[in-house]
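Novice: pasting the sequence and the predicted model now:
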Number of protein chains: 2
Amino acid sequence: MDPMRFPRFTLALPDWIESVAGDPGRVFETVEERMEFVMELARWNVRNGMGGPFGAAVFDYQTGRLVAPGVNLVVPACCSVAHAEIVAITIAQQVGHRFDLGAENGSSFELVTSTEPCAMCLGAVTWSGIRRLICGARREDAIEIGFDEGPRSDDWVHQLEARGVTVLQDIHRHQAAAVLRQYAERGGLIYNGQQGGIPKTDTG
Amino acid sequence: MDPMRFPRFTLALPDWIESVAGDPGRVFETVEERMEFVMELARWNVRNGMGGPFGAAVFDYQTGRLVAPGVNLVVPACCSVAHAEIVAITIAQQVGHRFDLGAENGSSFELVTSTEPCAMCLGAVTWSGIRRLICGARREDAIEIGFDEGPRSDDWVHQLEARGVTVLQDIHRHQAAAVLRQYAERGGLIYNGQQGGIPKTDTG
(Lines give C-alpha, C1' and ligand atoms only; values in the text may rest on other atoms or scores of the structure.)
Protein backbone atom coordinates (compact mmCIF):
# COMPACT_ATOMS: atom_id res chain seq x y z
CA MET A 1 0.00 0.00 0.00
CA ASP A 2 1.31 3.45 -0.86
CA PRO A 3 2.58 4.96 2.41
CA MET A 4 1.74 8.42 1.08
CA ARG A 5 -1.87 7.60 0.31
CA PHE A 6 -2.93 9.79 3.23
CA PRO A 7 -0.09 12.27 3.75
CA ARG A 8 0.65 14.09 6.98
CA PHE A 9 -0.10 17.77 7.30
CA THR A 10 2.44 20.13 8.81
CA LEU A 11 1.61 23.64 9.91
CA ALA A 12 4.66 25.87 10.33
CA LEU A 13 4.79 29.60 10.98
CA PRO A 14 6.82 31.61 8.46
CA ASP A 15 10.44 32.29 9.41
CA TRP A 16 9.95 36.04 9.65
CA ILE A 17 7.49 35.72 12.49
CA GLU A 18 10.13 35.20 15.21
CA SER A 19 11.75 38.54 14.47
CA VAL A 20 8.40 40.36 14.38
CA ALA A 21 7.45 38.71 17.68
CA GLY A 22 10.66 40.03 19.26
CA ASP A 23 12.20 38.97 22.52
CA PRO A 24 10.34 36.22 24.42
CA GLY A 25 10.33 38.50 27.47
CA ARG A 26 8.47 41.26 25.62
CA VAL A 27 5.30 42.38 27.38
CA PHE A 28 2.25 43.72 25.56
CA GLU A 29 0.65 45.81 28.28
CA THR A 30 -2.62 46.91 26.70
CA VAL A 31 -5.18 45.40 24.34
CA GLU A 32 -4.27 48.21 21.93
CA GLU A 33 -0.61 47.12 21.89
CA ARG A 34 -1.69 43.53 21.27
CA MET A 35 -3.92 44.66 18.41
CA GLU A 36 -1.06 46.69 16.92
CA PHE A 37 1.02 43.52 16.99
CA VAL A 38 -1.56 41.36 15.15
CA MET A 39 -2.13 44.12 12.58
CA GLU A 40 1.64 44.13 12.04
CA LEU A 41 1.48 40.35 11.49
CA ALA A 42 -1.26 40.88 8.90
CA ARG A 43 0.83 43.50 7.07
CA TRP A 44 3.93 41.27 7.09
CA ASN A 45 1.85 38.37 5.79
CA VAL A 46 0.70 40.41 2.81
CA ARG A 47 4.17 41.87 2.19
CA ASN A 48 5.66 38.37 2.12
CA GLY A 49 2.97 37.06 -0.18
CA MET A 50 1.94 34.36 2.26
CA GLY A 51 -1.81 34.78 2.02
CA GLY A 52 -4.72 36.75 3.41
CA PRO A 53 -4.41 40.03 5.33
CA PHE A 54 -5.17 38.49 8.69
CA GLY A 55 -3.16 38.26 11.89
CA ALA A 56 -4.01 36.84 15.29
CA ALA A 57 -2.24 35.86 18.48
CA VAL A 58 -2.83 34.11 21.77
CA PHE A 59 -1.70 36.08 24.80
CA ASP A 60 -1.76 35.47 28.51
CA TYR A 61 -3.94 38.45 29.25
CA GLN A 62 -2.83 38.82 32.84
CA THR A 63 0.89 39.02 32.12
CA GLY A 64 0.66 40.41 28.56
CA ARG A 65 3.03 37.68 27.40
CA LEU A 66 2.75 36.41 23.81
CA VAL A 67 2.02 32.67 23.73
CA ALA A 68 1.65 32.11 19.98
CA PRO A 69 1.21 34.28 16.90
CA GLY A 70 -0.78 33.27 13.82
CA VAL A 71 -1.22 34.47 10.27
CA ASN A 72 -3.45 33.31 7.45
CA LEU A 73 -1.61 30.43 5.76
CA VAL A 74 -4.41 29.09 3.52
CA VAL A 75 -2.42 29.45 0.31
CA PRO A 76 1.11 28.38 1.42
CA ALA A 77 -0.15 25.55 3.66
CA CYS A 78 -2.62 24.47 0.98
CA CYS A 79 -5.28 24.26 3.66
CA SER A 80 -8.54 26.21 3.82
CA VAL A 81 -8.63 25.71 7.60
CA ALA A 82 -5.39 27.67 8.18
CA HIS A 83 -6.94 31.00 9.13
CA ALA A 84 -4.88 33.22 11.43
CA GLU A 85 -7.01 32.40 14.49
CA ILE A 86 -6.83 28.63 13.89
CA VAL A 87 -3.06 28.87 13.43
CA ALA A 88 -2.59 30.88 16.66
CA ILE A 89 -4.80 28.52 18.68
CA THR A 90 -3.14 25.40 17.26
CA ILE A 91 0.40 26.64 17.90
CA ALA A 92 -0.56 27.87 21.40
CA GLN A 93 -1.87 24.39 22.21
CA GLN A 94 1.44 22.89 21.06
CA VAL A 95 3.37 25.39 23.20
CA GLY A 96 1.22 24.49 26.21
CA HIS A 97 0.97 20.76 25.40
CA ARG A 98 -2.78 20.81 25.97
CA PHE A 99 -5.86 20.84 23.81
CA ASP A 100 -7.82 22.98 26.28
CA LEU A 101 -6.14 26.30 27.04
CA GLY A 102 -8.70 26.90 29.77
CA ALA A 103 -7.92 23.68 31.57
CA GLU A 104 -5.43 24.94 34.15
CA ASN A 105 -6.45 26.83 37.24
CA GLY A 106 -5.58 30.48 36.93
CA SER A 107 -4.92 30.33 33.20
CA SER A 108 -6.13 33.33 31.30
CA PHE A 109 -5.58 33.10 27.59
CA GLU A 110 -7.04 35.49 25.09
CA LEU A 111 -7.17 35.51 21.31
CA VAL A 112 -6.51 38.85 19.64
CA THR A 113 -7.50 38.98 15.99
CA SER A 114 -7.15 41.72 13.39
CA THR A 115 -10.61 40.90 11.96
CA GLU A 116 -13.64 39.39 13.71
CA PRO A 117 -13.57 35.58 13.39
CA CYS A 118 -15.45 33.89 10.55
CA ALA A 119 -17.98 31.18 11.36
CA MET A 120 -15.28 28.47 11.53
CA CYS A 121 -12.91 30.42 13.77
CA LEU A 122 -15.73 31.44 16.07
CA GLY A 123 -16.56 27.79 16.58
CA ALA A 124 -12.88 27.08 17.14
CA VAL A 125 -12.75 29.69 19.93
CA THR A 126 -15.45 27.88 21.89
CA TRP A 127 -13.45 24.59 21.80
CA SER A 128 -10.05 26.12 22.51
CA GLY A 129 -10.33 27.16 26.14
CA ILE A 130 -9.70 30.80 25.22
CA ARG A 131 -11.27 33.09 27.86
CA ARG A 132 -11.32 36.41 26.02
CA LEU A 133 -11.64 37.42 22.38
CA ILE A 134 -10.36 40.82 21.19
CA CYS A 135 -11.43 41.94 17.69
CA GLY A 136 -10.20 44.72 15.40
CA ALA A 137 -12.02 45.08 12.07
CA ARG A 138 -15.66 44.01 11.84
CA ARG A 139 -17.16 41.27 9.71
CA GLU A 140 -18.61 44.02 7.51
CA ASP A 141 -15.12 45.32 6.78
CA ALA A 142 -14.07 41.88 5.49
CA ILE A 143 -17.26 41.45 3.48
CA GLU A 144 -16.70 44.89 1.95
CA ILE A 145 -13.55 43.66 0.21
CA GLY A 146 -15.22 40.42 -0.91
CA PHE A 147 -14.49 37.80 1.77
CA ASP A 148 -17.35 35.50 2.71
CA GLU A 149 -17.49 35.19 6.49
CA GLY A 150 -19.58 32.01 6.47
CA PRO A 151 -22.77 30.99 8.26
CA ARG A 152 -22.22 32.87 11.48
CA SER A 153 -24.99 33.19 14.04
CA ASP A 154 -26.20 36.79 14.52
CA ASP A 155 -26.03 36.50 18.30
CA TRP A 156 -22.45 35.18 18.27
CA VAL A 157 -21.25 37.57 21.00
CA HIS A 158 -23.99 36.34 23.31
CA GLN A 159 -23.30 32.74 22.37
CA LEU A 160 -19.61 33.11 23.20
CA GLU A 161 -20.29 34.95 26.44
CA ALA A 162 -22.75 32.19 27.45
CA ARG A 163 -19.75 29.83 27.13
CA GLY A 164 -17.54 31.95 29.36
CA VAL A 165 -15.71 33.93 26.67
CA THR A 166 -15.59 37.71 27.08
CA VAL A 167 -15.71 39.61 23.76
CA LEU A 168 -14.20 43.05 23.08
CA GLN A 169 -14.88 44.59 19.65
CA ASP A 170 -13.62 47.55 17.63
CA ILE A 171 -10.15 47.77 19.13
CA HIS A 172 -8.31 49.92 16.56
CA ARG A 173 -11.10 49.03 14.10
CA HIS A 174 -10.23 51.88 11.72
CA GLN A 175 -6.58 50.84 11.34
CA ALA A 176 -7.51 47.15 11.15
CA ALA A 177 -10.03 47.78 8.38
CA ALA A 178 -7.40 49.84 6.55
CA VAL A 179 -5.14 46.75 6.40
CA LEU A 180 -7.95 44.89 4.62
CA ARG A 181 -8.61 47.72 2.17
CA GLN A 182 -4.92 48.10 1.32
CA TYR A 183 -4.79 44.38 0.54
CA ALA A 184 -7.79 44.64 -1.80
CA GLU A 185 -6.36 47.76 -3.47
CA ARG A 186 -3.12 45.89 -4.16
CA GLY A 187 -5.16 43.19 -5.95
CA GLY A 188 -4.80 40.54 -3.24
CA LEU A 189 -6.46 37.18 -3.83
CA ILE A 190 -9.94 36.85 -2.30
CA TYR A 191 -9.92 33.08 -1.84
CA ASN A 192 -13.43 32.06 -0.81
CA GLY A 193 -14.35 28.44 -1.40
CA GLN A 194 -16.95 27.35 -3.96
CA GLN A 195 -15.70 29.64 -6.67
CA GLY A 196 -15.04 26.91 -9.20
CA GLY A 197 -11.44 28.01 -9.49
CA ILE A 198 -12.19 31.57 -10.49
CA PRO A 199 -10.77 33.99 -7.91
CA LYS A 200 -12.54 37.34 -7.83
CA THR A 201 -9.21 39.14 -8.18
CA ASP A 202 -5.72 37.88 -8.78
CA THR A 203 -2.47 38.25 -6.86
CA GLY A 204 -0.70 41.21 -8.44
CA MET B 1 16.29 32.89 20.18
CA ASP B 2 14.83 29.50 21.06
CA PRO B 3 14.05 27.78 17.73
CA MET B 4 11.22 25.88 19.44
CA ARG B 5 9.52 29.00 20.74
CA PHE B 6 6.72 28.47 18.21
CA PRO B 7 6.75 24.76 17.39
CA ARG B 8 5.36 23.22 14.23
CA PHE B 9 2.14 21.26 14.34
CA THR B 10 1.87 17.91 12.58
CA LEU B 11 -1.41 16.18 11.93
CA ALA B 12 -1.05 12.47 11.13
CA LEU B 13 -3.76 9.88 10.77
CA PRO B 14 -3.43 6.84 13.05
CA ASP B 15 -1.64 3.83 11.53
CA TRP B 16 -4.73 1.60 11.65
CA ILE B 17 -6.65 3.83 9.26
CA GLU B 18 -4.97 2.48 6.09
CA SER B 19 -6.19 -1.04 6.77
CA VAL B 20 -9.72 0.12 7.60
CA ALA B 21 -9.75 2.18 4.40
CA GLY B 22 -8.84 -0.91 2.40
CA ASP B 23 -7.60 -1.05 -1.16
CA PRO B 24 -7.18 2.33 -2.92
CA GLY B 25 -9.35 0.97 -5.74
CA ARG B 26 -12.29 0.31 -3.38
CA VAL B 27 -15.53 1.95 -4.46
CA PHE B 28 -18.21 3.10 -2.05
CA GLU B 29 -21.27 3.02 -4.28
CA THR B 30 -23.99 4.52 -2.07
CA VAL B 31 -24.19 7.21 0.59
CA GLU B 32 -25.19 4.44 3.01
CA GLU B 33 -21.94 2.56 2.32
CA ARG B 34 -19.96 5.75 2.84
CA MET B 35 -21.78 6.37 6.13
CA GLU B 36 -21.06 2.80 7.25
CA PHE B 37 -17.39 3.49 6.58
CA VAL B 38 -17.23 6.68 8.66
CA MET B 39 -19.17 5.00 11.51
CA GLU B 40 -16.55 2.23 11.36
CA LEU B 41 -13.84 4.90 11.65
CA ALA B 42 -15.60 6.32 14.71
CA ARG B 43 -15.76 2.87 16.35
CA TRP B 44 -12.08 2.17 15.62
CA ASN B 45 -11.16 5.56 17.03
CA VAL B 46 -12.87 4.79 20.31
CA ARG B 47 -11.51 1.22 20.42
CA ASN B 48 -7.97 2.53 19.97
CA GLY B 49 -8.40 5.20 22.60
CA MET B 50 -7.58 7.99 20.16
CA GLY B 51 -10.34 10.39 21.07
CA GLY B 52 -13.95 11.25 20.39
CA PRO B 53 -16.47 8.92 18.70
CA PHE B 54 -16.45 10.78 15.42
CA GLY B 55 -15.50 9.72 11.91
CA ALA B 56 -15.64 11.57 8.61
CA ALA B 57 -14.29 11.21 5.09
CA VAL B 58 -14.01 13.09 1.83
CA PHE B 59 -15.21 11.15 -1.20
CA ASP B 60 -15.45 11.88 -4.88
CA TYR B 61 -19.20 11.47 -5.00
CA GLN B 62 -19.35 10.68 -8.68
CA THR B 63 -16.87 7.80 -8.60
CA GLY B 64 -17.41 6.74 -4.96
CA ARG B 65 -13.66 6.84 -4.43
CA LEU B 66 -12.30 7.63 -0.96
CA VAL B 67 -10.06 10.72 -1.05
CA ALA B 68 -9.25 11.09 2.66
CA PRO B 69 -10.57 9.70 5.93
CA GLY B 70 -10.64 11.57 9.22
CA VAL B 71 -11.19 10.81 12.88
CA ASN B 72 -11.34 12.99 15.93
CA LEU B 73 -7.73 13.54 17.06
CA VAL B 74 -8.24 16.30 19.64
CA VAL B 75 -6.61 14.38 22.48
CA PRO B 76 -3.68 12.64 20.70
CA ALA B 77 -2.87 15.67 18.50
CA CYS B 78 -3.28 17.99 21.48
CA CYS B 79 -5.37 20.26 19.32
CA SER B 80 -8.99 21.28 19.87
CA VAL B 81 -9.36 21.99 16.14
CA ALA B 82 -8.68 18.35 15.14
CA HIS B 83 -12.31 17.26 14.73
CA ALA B 84 -12.93 14.40 12.28
CA GLU B 85 -14.30 16.74 9.59
CA ILE B 86 -11.36 19.15 9.85
CA VAL B 87 -8.92 16.23 9.67
CA ALA B 88 -10.62 14.75 6.58
CA ILE B 89 -10.75 18.12 4.79
CA THR B 90 -7.14 18.96 5.66
CA ILE B 91 -5.78 15.61 4.50
CA ALA B 92 -7.92 15.72 1.33
CA GLN B 93 -6.43 19.11 0.51
CA GLN B 94 -2.92 17.67 0.94
CA VAL B 95 -3.80 14.72 -1.32
CA GLY B 96 -5.13 17.11 -3.97
CA HIS B 97 -2.46 19.82 -3.41
CA ARG B 98 -5.10 22.53 -3.31
CA PHE B 99 -6.83 24.57 -0.64
CA ASP B 100 -10.13 24.69 -2.56
CA LEU B 101 -11.50 21.25 -3.35
CA GLY B 102 -14.16 22.89 -5.52
CA ALA B 103 -11.63 24.70 -7.68
CA GLU B 104 -11.32 22.23 -10.55
CA ASN B 105 -13.91 21.90 -13.27
CA GLY B 106 -15.94 18.75 -12.84
CA SER B 107 -14.71 18.09 -9.31
CA SER B 108 -17.35 16.74 -7.00
CA PHE B 109 -16.15 16.20 -3.47
CA GLU B 110 -18.42 15.44 -0.57
CA LEU B 111 -17.85 15.22 3.16
CA VAL B 112 -19.53 12.33 4.94
CA THR B 113 -19.64 12.69 8.71
CA SER B 114 -20.94 10.36 11.40
CA THR B 115 -22.41 13.30 13.34
CA GLU B 116 -23.65 16.66 12.04
CA PRO B 117 -20.80 19.19 12.05
CA CYS B 118 -20.34 21.50 15.04
CA ALA B 119 -20.21 25.26 14.48
CA MET B 120 -16.50 25.19 13.64
CA CYS B 121 -16.69 22.31 11.18
CA LEU B 122 -19.72 23.81 9.49
CA GLY B 123 -17.75 26.97 8.85
CA ALA B 124 -14.85 24.84 7.60
CA VAL B 125 -17.13 23.16 5.04
CA THR B 126 -17.97 26.51 3.46
CA TRP B 127 -14.26 27.30 2.95
CA SER B 128 -13.21 23.86 1.77
CA GLY B 129 -14.78 23.62 -1.67
CA ILE B 130 -16.83 20.58 -0.60
CA ARG B 131 -20.00 20.35 -2.73
CA ARG B 132 -22.10 17.95 -0.67
CA LEU B 133 -22.41 17.21 3.03
CA ILE B 134 -23.80 13.88 4.23
CA CYS B 135 -24.71 13.61 7.93
CA GLY B 136 -25.49 10.63 10.18
CA ALA B 137 -26.39 11.46 13.79
CA ARG B 138 -28.00 14.80 14.59
CA ARG B 139 -26.66 17.60 16.73
CA GLU B 140 -29.24 16.58 19.35
CA ASP B 141 -27.70 13.11 19.57
CA ALA B 142 -24.29 14.63 20.37
CA ILE B 143 -25.75 17.09 22.86
CA GLU B 144 -27.60 14.20 24.55
CA ILE B 145 -24.27 12.64 25.61
CA GLY B 146 -22.86 15.99 26.73
CA PHE B 147 -20.97 17.47 23.78
CA ASP B 148 -21.38 21.18 23.18
CA GLU B 149 -21.92 21.78 19.47
CA GLY B 150 -21.02 25.46 19.61
CA PRO B 151 -22.74 28.62 18.35
CA ARG B 152 -24.30 27.15 15.22
CA SER B 153 -26.82 29.13 13.22
CA ASP B 154 -30.33 27.60 13.23
CA ASP B 155 -30.65 27.94 9.48
CA TRP B 156 -27.30 26.26 8.77
CA VAL B 157 -28.71 23.96 6.08
CA HIS B 158 -30.06 26.96 4.18
CA GLN B 159 -26.82 28.86 4.71
CA LEU B 160 -24.76 26.01 3.28
CA GLU B 161 -27.13 25.48 0.36
CA ALA B 162 -26.95 29.22 -0.42
CA ARG B 163 -23.19 28.65 -0.80
CA GLY B 164 -23.63 25.77 -3.23
CA VAL B 165 -23.36 22.89 -0.74
CA THR B 166 -26.09 20.22 -0.87
CA VAL B 167 -26.95 18.76 2.56
CA LEU B 168 -28.30 15.26 3.22
CA GLN B 169 -29.27 14.44 6.81
CA ASP B 170 -30.22 11.34 8.81
CA ILE B 171 -28.29 8.78 6.75
CA HIS B 172 -28.18 5.79 9.13
CA ARG B 173 -28.97 8.20 11.96
CA HIS B 174 -30.02 5.46 14.36
CA GLN B 175 -26.77 3.51 14.00
CA ALA B 176 -24.70 6.69 14.06
CA ALA B 177 -26.36 7.88 17.28
CA ALA B 178 -25.75 4.42 18.77
CA VAL B 179 -21.98 4.91 18.29
CA LEU B 180 -22.22 8.08 20.39
CA ARG B 181 -24.27 6.41 23.12
CA GLN B 182 -21.91 3.43 23.35
CA TYR B 183 -19.01 5.84 23.79
CA ALA B 184 -20.79 7.64 26.64
CA GLU B 185 -21.79 4.34 28.28
CA ARG B 186 -18.15 3.23 28.23
CA GLY B 187 -17.25 6.42 30.11
CA GLY B 188 -15.58 8.20 27.20
CA LEU B 189 -14.16 11.67 27.80
CA ILE B 190 -16.50 14.52 26.89
CA TYR B 191 -13.86 17.14 26.14
CA ASN B 192 -15.65 20.45 25.68
CA GLY B 193 -13.55 23.55 26.16
CA GLN B 194 -14.04 25.96 29.07
CA GLN B 195 -14.33 23.26 31.68
CA GLY B 196 -11.47 24.50 33.80
CA GLY B 197 -9.79 21.14 33.57
CA ILE B 198 -12.68 19.15 34.96
CA PRO B 199 -13.91 16.65 32.35
CA LYS B 200 -17.52 15.59 32.87
CA THR B 201 -16.52 11.93 32.74
CA ASP B 202 -13.16 10.21 32.58
CA THR B 203 -11.64 7.76 30.10
CA GLY B 204 -12.36 4.34 31.53
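Specialist: Nice, I can see it.
Novice: distance of residue A:18 relative to residue A:71?
Specialist: Noted for residue A:18: a distance of 13 Å to residue A:71, by Cβ to Cβ, to the nearest Å. For glycine as for every other residue, the C-beta is placed from the backbone atoms N, C-alpha and C.
Novice: between the two, tell me which one has more neighbours.
Specialist: residue A:71 (31 against 16; other Cβ atoms under 10 Å in any protein chain shown).
Novice: quick check: closest non-adjacent residue to the more buried one.
Specialist: residue A:45 (4.2 Å; Cβ to Cβ, 6 or more residues apart in numbering or on different chains).
Novice: ramachandran angles for residue A:49?
Specialist: The phi/psi pair for residue A:49 (degrees, to the nearest 10) reads phi 60, psi 30.
Novice: tell me the pLDDT of it.
Specialist: pLDDT, residue A:49: 78.
Novice: all the strands of chain A, in order from the start?
Specialist: With DSSP state E as the criterion, chain A has strands at A:9-11, A:55-60, A:65-71, A:109-115, A:132-137, A:166-168.
Novice: which elements pack onto the last one?
Specialist: In this structure, strand A:166-168 makes packing contacts with strand A:132-137, helix A:156-162, judged by 3 or more Cβ pairs under 8 Å, 6 or more residues apart in numbering or on different chains; DSSP states H and E.
Novice: what strands line up against it, and which way round?
Specialist: strand A:132-137 (parallel) (DSSP bridges).
Novice: tell me the mean pLDDT over the partner strand?
Specialist: 98.
Novice: what's the offset of the helix of greatest length in chain A from the middle of its chain?
Specialist: Secondary structure of chain A per DSSP state H: the longest helix is helix A:31-47. Relative to its chain's centre, helix A:31-47 lies at 10 Å (Cα atoms, centre = their mean, to the nearest Å).
Novice: same check on stretch A:108-123?
Specialist: Distance of stretch A:108-123 from the chain centroid (Cα atoms, centre = their mean) equals 6 Å.
Novice: that stretch close to chain B?
Specialist: Yes: taking Cβ under 8 Å from any Cβ of the partner chain as the criterion, stretch A:108-123 and chain B are in contact, through A:118, A:119, A:120, A:121, A:122, A:123.
Novice: burial check on the residue nearest to residue A:175 when sequence neighbours are not counted, number of neighbours?
Specialist: Take residue A:175 and drop its neighbours on the chain: the residue closest to it by Cβ to Cβ, 6+ apart is residue A:39, 6.1 Å away. When neighbours are defined as other Cβ under 10 Å, residue A:39 has 24 of them.
Novice: residue A:121 and residue A:83 touch, don't they?
Specialist: Yes: at 5.3 Å, residue A:121 counts as touching residue A:83 under the criterion of Cβ atoms under 8 Å.
Novice: any idea how far residue A:64 is from chain B?
Specialist: 17 Å (Cβ to the nearest Cβ, to the nearest Å).
Novice: residue A:152 now?
Specialist: From residue A:152 over to chain B (counting by Cβ to the nearest Cβ), the distance is 7 Å.
Novice: show me the shaky parts of chain A.
Specialist: By pLDDT under 70, the weakly predicted segments of chain A are A:1-4, A:105-106, A:191-204.
Novice: go again using 90 as the cut-off
Specialist: Chain A contains residues with pLDDT under 90 at A:1-5, A:25, A:48-52, A:102-107, A:146-155, A:185-204.
Novice: quick one: contacts for residue A:23?
Specialist: Residue A:23 makes contact with no residue, according to Cβ atoms under 8 Å, 6 or more residues apart in numbering or on different chains.
Novice: outside of stretch A:170-186, which residues touch it?
Specialist: Stretch A:170-186 is contacted by residues A:31-32, A:35-36, A:39, A:42-43, A:46, A:52-53, A:112, A:114-115, A:134-138, A:141-142, A:144-146, A:190, A:201, A:204 when judged by Cβ under 8 Å, 6+ apart.
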